[in-house]
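In: show me the folded form of this:
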Amino acid sequence: MTRSLLLALSLCLPLLSGAQTAWPEKPIRIVLPYPPGGPSDIVMRAAGEKMLVSLKQPLVIDNKPGAGGNLGTAEVSRAAPDGHTWLVSTDTTFTVNPHVYKSLGFKPDDLIPVAMLTQFGQTLVCHPSVGVHTVTELVAKAKGQRMNYASGGLGVPGHLTMELLQSLAGFDMTHIPYKGPGPATQDVLGGQVPCGFLAGPTVLPHVAAGKLVALAVSSATRSPALPDVPTVAEAGIKGYEANFYLVAMAPKGTPEAIVQKFRAALLEALRAPDVVARLKASDQVVVGYDGAKTAAVLAADSKKWGEIARKIQLGLD
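Out: Just a heads-up that it's a prediction; the model follows:
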């Protein structure tokens with residue numbers, strides 16, 4: 001009788017332990033490795049309220065900018081894999097940074113792909129005082145005088161898109177990196193830097209207000225938010241194409257059941273009609289890939305951007 005009772009209790013212990021560790025047990029921390037105001041910030045603040053309803057725990061948005069996304073990513077890579085710390089980052093942290101940074105501060109394999117959230121491009125903008133309205137005019141002006149351009153940081157999408165443009169069009173501008181597209185946009189608005197290749201979601205309101213002039217978008221097709229603005233390829237730079245994505249990642253070892261639950265809550269929030277409309281207005285298209293497809297896209301783009309980084313000799317400390 002005693003032996004049977006002990007056996008029954010031992011079989012119940014895993015069930016009791018599981019009940020005590022039901023996820024999530026506390027607020028969920030979402031690390032964004034960029035300053036407020038960029039695509040990741042817009043996405044998570046749009047989705048956060050809806051995720052609160054399904055997960056029954058608040059989301060804490062934690063902006064940790066620096067080193068092209070490496071600092072915040074490294075912090076998540078060291079976090080406990082218990083489902084209470086996640087990363088939402090631009091894909092370049094994994095497709096570009098490993099090719100150009102001597103030290104990342106993390107190993108890409110220390111994180112696992114959870115989902116691909118949105119796709120977005122970069123918008124080439126200039127301050128109205130520069131007096132250019134097309135890519136051709138900017139190239140001609142930059143060939144005739146020394147000019148600067150702003151981006152959200154070393155090795156981030158805006159840096160890559162302009163370096164690719166300069167490589168293909170045969171001109172040179174001095175790069176002024178900032179800690180995110182928001183601060184970079186502010187200095188272009190203020191005229192401290194004449195132009196920038198910056199995240200569409202960040203510059204769209206200023207283009208609409210006439211405070212910035214949009215010359216082109218980096219993507220293969222025109223932005224639905226800027227239908228009158230050509231792609232760089234349409235503007236005469238043949239073969240030019242640069243699309244970017246937001247991805248959600250988790251520390252390696254996070255239980256698959258928790259990953260699936262988090263992914264489901266996040267993608268459900270992003271597919272809500274009001275969120276889709278809000279993101280579309282900010283030049284982002286909801287993608288909604290699972291972990292496996294996200295990993296495949298990251299691998300393909302890593303190969304593409306690695307080749308481009310080597311071609312333009314992009315190397316960072």
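
In: all helices of the stretch 1-150 of the chain, in order?
Out: Taking DSSP state H, counting those that start in this stretch as the test, the helices found in the stretch 1-150 of the chain are 2-20, 39-55, 70-77, 92-95, 97-100, 135-144.

In: by mean pLDDT, show me the worst of those helices.
Out: For those, mean pLDDT drops lowest on helix 2-20, to a mean of 41.

In: and Lys303, how many residues sit next to it?
Out: Counted with other CB atoms under 10 Å, the neighbours of Lys303 add up to 11. (C-beta placed from N, C-alpha, C; glycine too.)

In: and it, that one's in a helix?
Out: Yes - secondary structure assignment (DSSP: H, G, I helix; E, B strand; the rest coil) places Lys303 inside a helix.

In: pLDDT at it, what is it?
Out: The model's pLDDT for Lys303 equals 93.

In: so Cys195 bridges to which residues?
Out: Beta-bridge pairing for Cys195 (DSSP bridges): Cys126, Tyr149.

In: just checking, what's the longest strand in the chain?
Out: strand 111-120 (DSSP state E).

In: my guess is Leu204 contacts Pro224. True?
Out: No - at 11.0 Å, Leu204 does not count as touching Pro224 under the criterion of CB atoms under 8 Å.

In: okay but Leu55 is in contact with Pro24, surely?
Out: Yes - counting by CB under 8 Å, Leu55 touches Pro24, with 5.8 Å between them.

In: okay, Glu25 and Leu55: tell me how far apart.
Out: Counting by CB to CB, to the nearest Å, the separation of Glu25 from Leu55 is 11 Å.

In: neighbour-wise, which of these two wins?
Out: Using other CB under 10 Å as the criterion, Glu25 and Leu55 rank with Leu55 on top: 19 against 12.

In: and the closest residue to that one other than its chain neighbours, which of the three is it?
Out: In space, and not counting its chain neighbours, Leu55 is closest to Ala265: 5.3 Å by CB to CB, 6 or more residues apart in numbering. At Ala265 the chain is in helix, as set by three-state DSSP.

In: OK, contacts around Ala265?
Out: 51, 54-55 (CB atoms under 8 Å, 6 or more residues apart in numbering).

In: now do Ile312
Out: Ile312 neighbours (CB under 8 Å, 6+ apart): 163-164, 167.

In: any chance of these in CSV, with distance to Val88 too?
Out: Listed next are these as CSV, based on distance: CB to CB, whole Å:
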residue, distance to Val88
Glu163, 25
Leu164, 25
Ser167, 30
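
In: so which of those residues comes closest to Leu104?
Out: Glu163 (19.7 Å; CB to CB).

In: and the closest one, what element?
Out: helix 157-169 (DSSP states H and E).

In: check which residues of that helix are buried.
Out: 157-167, 169 (16 or more other CB atoms under 10 Å).

In: over to stretch 173-181?
Out: Going by 16+ other CB under 10 Å, stretch 173-181 has these buried residues: 173, 176-181.

In: and for stretch 225-234?
Out: 225-226, 229-233.

In: right, and out of these, which lies closest to Gly38?
Out: Nearest to Gly38 out of the buried residues of stretch 225-234 is Ala225 (CB to CB; 15.8 Å).

In: how much space separates the closest one from Phe120?
Out: Ala225 is 10 Å from Phe120, by CB to CB.

In: any residues in contact with both of those two?
Out: 200, 283.

In: and which of the buried residues of stretch 225-234 is nearest Leu270?
Out: Here the nearest of the buried residues of stretch 225-234 to Leu270, counting by CB to CB, is Ala225; it sits at 17.3 Å.

In: who's in contact with the closest one?
Out: Taking CB under 8 Å, 6+ apart, one finds 200, 204, 280-283 in contact with Ala225.

In: again, only using 7 Å
Out: 200, 204, 280-281, 283 (CB atoms under 7 Å, 6 or more residues apart in numbering).

In: now, these that are in helices?
Out: 200, 204, 280-281 (DSSP state H).

In: just the CA trace of stretch 112-121, in PDB.
Out: What follows is stretch 112-121 as a C-alpha-only set of coordinates in PDB (Å, rounded to 0.1, in the frame of the first residue of the first chain):
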ATOM      1  CA  ILE A 112      16.500  30.700 -32.200                       C
ATOM      2  CA  PRO A 113      14.200  32.200 -34.800                       C
ATOM      3  CA  VAL A 114      10.600  32.500 -33.500                       C
ATOM      4  CA  ALA A 115       8.800  34.500 -36.300                       C
ATOM      5  CA  MET A 116       9.300  36.900 -39.100                       C
ATOM      6  CA  LEU A 117       6.900  39.800 -38.400                       C
ATOM      7  CA  THR A 118       7.000  42.500 -41.100                       C
ATOM      8  CA  GLN A 119       8.800  43.600 -44.200                       C
ATOM      9  CA  PHE A 120       9.900  47.200 -44.900                       C
ATOM     10  CA  GLY A 121      12.200  49.200 -47.000                       C
END
